[in-house]
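S.K.: Model the following, please.
(2 chains)
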Amino acid sequence: MSKHTFFQLDWFSILLVVILIGFGWGNIYSTTVTDANADILDFSKIYGKQILWIVMGFFLVIVVLSVEVKFYERFANAFYLIALLSLLGLLFFGKTIAGQTAWYSFGSFSIQPAEFVKATVALAMAKYLSGINVNLKRFKDQLQAFIIILLPILLIMLQPDAGSALIYLSFAIPLYREGLPHWYLTVAILAGVLFVLTLKFGFVIVSSALALLLTLAYLLNKSKKKSLGSYIFSALIAIGFSFSVSFMFNKVLLPHQQDRFDVLLEDDIDIKGTAFNLYQSQVAIGSGGSTGKGWLKGTQTQGRFVPEQHTDYIFSTVGEEWGFLGTSIIVILFATLLLRLYFIAERQKSQFNRVFGYSVFGILFFHFFVNIAMVIGLFPTVGIPLPFFSYGGSGLWGFLILIFIFLKLDAKRISLN
Amino acid sequence: MKKLLPLVLVSFSVIIFLTRLFYIQMIDDSYGDVSQNIAIRKVYDYPQRGYIFDRNGKLLVGNQPAYDVMIVPNDVKEFDTLALADLLNLTPERLKDRIENAIIYSPRLASVVTPQLTKDEYAYVQESMYKYAGFYIQKRSLRDYNVSHSANILGYIAEANQRDIKKNAYYQSGDFIGRRGVEQQYEDLLKGTRGVKHFLRDRFNRNIKPYKNKKYDTISKKGKDLSLTIDSELQAYGEKLMKNKRGGIVAIQPKTGEILSLVTAPSYDPEILVGRKRSRNYTEMYYDSISRPLYNRALQAVYPPGSPFKAFTDLIGLEENVMSPDETYYCKGYYSYGRSARMACHHHKNPVDAVSGLAYSCNAYFAQVYRHTIEKYDTPQEGIEVWRKHLESFGFGNYLGYDLPVGRKGLVPDADYYNRAYQYPKYKWYATATLSNAIGQGEVLTTPIQLANGIVAIANRGWYIKPHILKEVNGEPIKFEEYTKKNYTTIKPENFDPIIEGMHNAYEYGTARFLRVPGIEVCGKTGTAENKTRINGEIVQLEDHSIFVAYAPKDDPEIAIAVFVENGGFGSTYAGRISSLMIEKYLKDEIERTDLEKWILSNSLEEEYAKPYLIKEEMEN
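M.R.: Numbering: from 1, shown residues only, chains lettered A, B, ... in the order given. Below you'll find the predicted structure:
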């Protein structure tokens, strides 16, 4: 890493990352400490291990920053292939934890390849989209871009890990930025909304409402160019989709996934059964009040009532021990980091850099959004970590690699041109 | 457009996250309580109930330890129902019922599964309790009775029921609450304050550490000790005298209104309402409609007052100036108030006046005094109202305001009462229609304690302090105005002289002459109240109620007493003897007249009490 690179790095982003990691560790400590007098470097303890991951992560960052930028672009496809192989290898050499074969195990440490695959998909996507003849208005190119995303999704679904697979939908964001027709996004969002509405209110009400809405839209827009046929067509599609929701819900989703929807949509939930995690998490957050119960003083946290609190539910610790003050600061810190990355991505002259930056933004945003929405009861339970906060070496390293490759690209953007 | 997507996404998520977080953290405050319930275990330290002493510092009621088996339904893990039922000496169905009830009460709060194990049972059960998560043993304190009398005064304690819990937020399932008597009346003083320790617990239900450095923990505070006005020895003696009889004794210290003794018979041993046997014994007594041991005859039974009431007729006559104390009257053996209307009298010396009339209990004398009193006014209605006001100033016709939770108003009829009875103004009525009131056999009804209080007012020559049972709280004399204030009657002090003289003469040469207490100047009055009852629609005359009122010594009253013995016959027979013995016991501490005592102790009225049932049987056969 040259002196030049060092000064060109975006230190604001780095500062935000460091704050998040530091605060995150404090919360991991709170959820896993058993003896306040014990050494924080006790590597048999979760908080001790996390320190090790953070320190090793620091060296990883130095390595990432030392590599020539050209190297990432040139070997993007190779990385991508290695990543796919690593996912495939799991099927033969992977270690199964809680029903998911997602880890390679080395002694007391485990590596989760899916966390690193994101970075390679981002590189591969950036490389493909920055190709001279690629145009996302063309179906052939769209398909190829989709395949880049779909391959890792398929392999991850085999583990099975629906949460990690879901993250790859975030590549819709760079694709959209690079010219993917907007109706893809519109249709996806509408389908999501329809799906939830149908589950909540039932097919009859939703389809009648749809018919009514489209009739109104047609009557109000009569002078416009769209024909009656196109209204009827979209009405039929939408109603047909709504009709198929119960089939999809019952046949495609697994029972525990159905429960996760039910927990959010039904009024009468079983807080000792399917809704236990969510309920405990909300109680922890809700009881935090304005400024929280204080670090290491959260009754729910210290009683270990929230399952998976040091990993996916870490945000509930923030809520309980730091209150609304803490949660809103974290939300704003993440939002600031995301907007900073977006700003940096937009200032890139090279399309490769920009696609990669947008991918980093998208991946980070999805984790941030899905994780917090899940913990506060706005999204079905999906097992994905909160970046820099949740315990786990692979996740932390995955995010560090993503961000620092991008910061390195950004630092070198001037010298490239 | 394309460039704005990230901006939109980030702002959108920040807005919904902050709104949602603001709502659940700042507005919805239900999570705080839930969090407390989940993560904090409260361990209660139950207070000892206050002790109860008699007026001389003798301990009547103390405490003894007991152990309740409790359940917190949410904490229960799978367990061997049969083994636990066996351990707790329950049938498995019974155990299931109790657990279901506990869930209905609250899944998170503790309920009692088996109350009040003895020390030995506790030792045995405690050993295997660890096998049953969600069950634990709570140490409690039960009543320990030092005496076998005063059951109706003391009352008892029982577990607070759902109604108590709803009414007063302090109570929880398994708490004790006073029922009846002093335990109920002074529950707030006796109950003490529950202490609580808060522990942080984890999801395996283990205590981690004290919550917030014990900031919210409190230690239990023992209830206040009460000293009653009751004289334990006198009370025990009174209950002994009333064995095999029904009725009540009320003895009051005239200068203070302190109740020295409050006997109701039949009664029960307070010990039988302690612990696990309480419920069965209570139910048994509750449904005993023949001897009614839970019914406090001294406070709740209303009887016609009989001849003692003549003292009040006399007082009112003097106050209303319808005669002078030494005006004499010649009794012909009856009082005639119409062509064939006569009130019979008995044989006695003649002529009589305000003093000797009372000593001889001359019916005719009081009939004419009463008649003159009522007829002094233009209408009998006005007359009755004046008469009633005088009586009410003695505490008749209404609750006396003593500090025990049960009582009856008794009855002093007013003008309306007779207007209704005689359908006025369709028909007119006259003083003579109410003439039986003169001798306490009319519509007037009193409770023994009202009658005793009336005697207190006579002994004090015109005032009384409301009778009460509480003397000291934690050794400090009570200062309630209600129980220290003098209530004055409408009668001038000098008008009491002839009445006191007459009551004294009842002992000197009148109806109570063979009941004299050697060396003590007693004033008293016998009474006999007719006792008719309806059996299968027919009115049957049963043996009269025996009544006696007295106070002593004459010029420095220390005890006033009223005794009612149901079906006891002539006033001096049972009630008179009992009063006389009670006075001797209280003032001299020892009984010299052992023959008299023996007579009372060896005579039973159970045969009389069986009579109505025999008559009924005869009628039906």
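S.K.: And for the closest residue to A:N371 other than its chain neighbours, the neighbour number?
M.R.: With sequence-adjacent residues excluded and distances taken as C-beta to C-beta, 6 or more residues apart in numbering or on different chains, A:N371 is closest to A:L386, at 4.4 Å. Using the backbone N, CA and C atoms, a C-beta is placed for each residue, glycine as well. When counting by other C-beta atoms under 10 Å in any protein chain shown, one arrives at 25 neighbours for A:L386.
S.K.: For burial, what's the neighbour tally of the residue of chain A found nearest chain B?
M.R.: As assessed by C-beta to the nearest C-beta, chain B sits closest to A:G286 within chain A, at 2.7 Å. Other residues within reach of A:G286, judged by other C-beta under 10 Å, total 27.
S.K.: How about the secondary structure of the nearest residue to it once chain neighbours are set aside?
M.R.: Nearest non-adjacent residue to A:G286, counting by C-beta to C-beta, 6+ apart: B:Y31, 2.7 Å away. Under DSSP: H, G, I helix; E, B strand; the rest coil, the three-state class of B:Y31 is helix.
S.K.: can I assume B:Y31 is in contact with A:S281?
M.R.: No - if you go by C-beta atoms under 8 Å, B:Y31 and A:S281 don't touch, sitting 10.7 Å apart.
S.K.: Run a quick neighbour tally on the residue nearest to A:G286.
M.R.: Residues lying near B:Y31 (other C-beta under 10 Å) number 23.
S.K.: Give me the pLDDT value at it.
M.R.: pLDDT, B:Y31: 85.
S.K.: now the longest helix anywhere in chain A, how far from the centre of its chain.
M.R.: Determined from DSSP state H, the single longest helix within chain A is helix A:314-346. Relative to the centre of its chain, helix A:314-346 is centred 14 Å away, using C-alpha atoms, centre = their mean, to the nearest Å.
S.K.: Can you read off the backbone torsions of the closest residue to B:R201 other than its chain neighbours?
M.R.: Nearest non-adjacent residue to B:R201, counting by C-beta to C-beta, 6+ apart: B:R41, 4.7 Å away. Torsion angles at B:R41 (phi, psi; degrees, to the nearest 10) stand at phi -100, psi 130.
S.K.: can you check B:G306 too?
M.R.: Given degrees, to the nearest 10, the pair of backbone angles that B:G306 has is phi 70, psi -160.
S.K.: Can you tell me how far the closest residue to it other than its chain neighbours is from B:H390?
M.R.: Spatial nearest neighbour of B:G306, excluding adjacent residues (C-beta to C-beta, 6+ apart): B:G527 at 3.3 Å. Separation of B:G527 from B:H390 (C-beta to C-beta, to the nearest Å) stands at 19 Å.
S.K.: Neighbour count: these two, which is higher?
M.R.: Just comparing B:G527 and B:H390: by other C-beta under 10 Å the higher neighbour count belongs to B:G527, 34 against 21.
S.K.: is it true that that one touches B:G440?
M.R.: Yes - between B:G527 and B:G440 a contact is recorded at 6.7 Å, counting by C-beta under 8 Å.
S.K.: Now do the shared contacts for these two.
M.R.: Contact criterion C-beta atoms under 8 Å, 6 or more residues apart in numbering or on different chains; residues shared by B:G527 and B:G440: B:305-309.
S.K.: In those residues, find the pair that's most separated.
M.R.: For the shared contacts of B:G527 and B:G440, with distances taken as C-beta to C-beta, the pair at the greatest spread is B:P305 and B:S307 (8.1 Å).
S.K.: who's more crowded, those two?
M.R.: Just comparing B:P305 and B:S307: by other C-beta under 10 Å the higher neighbour count belongs to B:P305, 31 against 25.
S.K.: OK, contacts around that one?
M.R.: When contacts are counted by C-beta under 8 Å, 6+ apart, B:P305 touches B:440, B:444-446, B:451, B:527, B:529, B:547.
S.K.: which ones are touching the residue of chain A closest to chain B?
M.R.: Contacts of A:G286 (C-beta under 8 Å, 6+ apart): A:319, B:24-25, B:28, B:30-32, B:34-35.
S.K.: which residues touch A:L341?
M.R.: Counting by C-beta under 8 Å, 6+ apart, A:L341 touches A:13, A:357, A:360-361, A:364, A:403, A:406.
S.K.: which residues does B:N63 form a beta bridge with?
M.R.: When assigned by DSSP bridges, B:N63 has beta-bridge partners B:R143.
S.K.: Please report the distance of it from B:L142.
M.R.: Taken as C-beta to C-beta, the span from B:N63 to B:L142 is 7 Å.
S.K.: Tell me which other helices or strands the lengthiest strand in chain A touches.
M.R.: Assignment by DSSP state E gives strand A:100-106 as the longest strand of chain A. Under the contact definition 3 or more C-beta pairs under 8 Å, 6 or more residues apart in numbering or on different chains; DSSP states H and E, strand A:100-106 sits against helix A:76-93, strand A:95-97, strand A:109-111.
S.K.: Is it possible to get CSV of these that adds distance to chain B, mean pLDDT and mean neighbour count?
M.R.: Below are the helices and strands packed on strand A:100-106 laid out as CSV (distance: least, C-beta to the nearest C-beta, whole Å; pLDDT from 0 to 100; neighbours: other C-beta atoms under 10 Å in any protein chain shown):
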stretch, distance to chain B, mean pLDDT, mean neighbour count
helix A:76-93, 23, 93, 16
strand A:95-97, 21, 84, 13
strand A:109-111, 25, 85, 16
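S.K.: Same list, those, but as TSV with distance to A:F343 please.
M.R.: Output for those, formatted as TSV (distance: least, C-beta to C-beta, whole Å):
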stretch	distance to A:F343
helix A:76-93	24
strand A:95-97	39
strand A:109-111	33
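S.K.: Any regions of the chain where pLDDT drops low?
M.R.: Unless you meant another one, I'm taking chain A. Within chain A, the ranges that satisfy pLDDT under 70 run A:1-3, A:222-226, A:267-272, A:414-417.
S.K.: try again with chain B
M.R.: In chain B, residues with pLDDT under 70: B:1, B:205.
S.K.: Which residue is it, in it, that comes closest to chain A?
M.R.: B:Y31 (2.7 Å).
S.K.: And the strands in the stretch 451-600 of chain B, which stretches?
M.R.: Remark: strands assigned in the stretch 451-600 of chain B by DSSP state E, counting those that start in this stretch are B:463-465, B:470-473, B:476-477, B:486-488, B:523-535, B:538-552, B:559-565.
S.K.: looking at these, which is buried most?
M.R.: strand B:559-565 (a mean of 31; mean count of other C-beta atoms under 10 Å in any protein chain shown).
S.K.: Neighbouring strands - and their directions - for that one?
M.R.: According to DSSP bridges, strand B:559-565 forms sheet pairs with strand B:247-253 (antiparallel), strand B:538-552 (antiparallel).
S.K.: Is it possible to get these out as CSV so that each row also shows distance to B:K588?
M.R.: Output for the strands paired with strand B:559-565, formatted as CSV (distance: least, C-beta to C-beta, whole Å):
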stretch, distance to B:K588
strand B:247-253, 14
strand B:538-552, 10
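S.K.: So which of the contacts of A:L341 sit within helices?
M.R.: Per DSSP H, the subset of the contacts of A:L341 in helices is A:13, A:357, A:360-361, A:364, A:403, A:406.
S.K.: ok, which of the residues you listed also contact chain B?
M.R.: A:F361 (C-beta under 8 Å from any C-beta of the partner chain).
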